[in-house]
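Enquirer: would you be able to build a 3D model of this:
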Amino acid sequence: MANKIYDMGAGGIKVGTHEISKNPLEATHHIVIINYHIHHGSRIFHSAVGIWIEYNRCNLIVHNHMHNLYYTGIFIG
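Expert: Below you'll find the predicted structure:
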């Protein structure tokens, strides 16, 4: 794995926002998350996730290894 995120109080990677953009051209899109090793997270905020994707489109999430998170690995909402 080329990228490592570990020993976290919360989650690893967050893409997007909690609100839908009024202008579709301003929305987050075409994000690539590849070859991450995300582990031992959510130590303080137990509901945090390894990769959080919200209100965006056309993303690529491949070849990631996640373990030892209290809640979940990937959230897409």
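
Enquirer: OK, contacts around the one residue sitting closest to the centre of the chain?
Expert: Of all residues in the chain, the one closest to the mean position by Cα atoms, centre = their mean is residue 51, 1.8 Å from it. Contacts for residue 51 (Cβ atoms under 8 Å, 6 or more residues apart in numbering) come out as 11-13, 15, 33, 36, 38, 61, 64, 66, 73-75. In this view, the C-beta of every residue, glycine as well, is placed from N, C-alpha and C.

Enquirer: residue 25 belongs to a strand?
Expert: No: counting by DSSP: H, G, I helix; E, B strand; the rest coil, residue 25 is located in no strand; its state is helix.

Enquirer: what about it, how many residues close to it?
Expert: Neighbour count of residue 25, defined by other Cβ atoms under 10 Å: 6.

Enquirer: equivalent analysis for residue 35, please.
Expert: Neighbours of residue 35 (other Cβ under 10 Å): 12.

Enquirer: these two touch, right, it and residue 5?
Expert: No: shown here, residue 35 and residue 5 do not form a contact pair, counting by Cβ atoms under 8 Å, at 11.7 Å.
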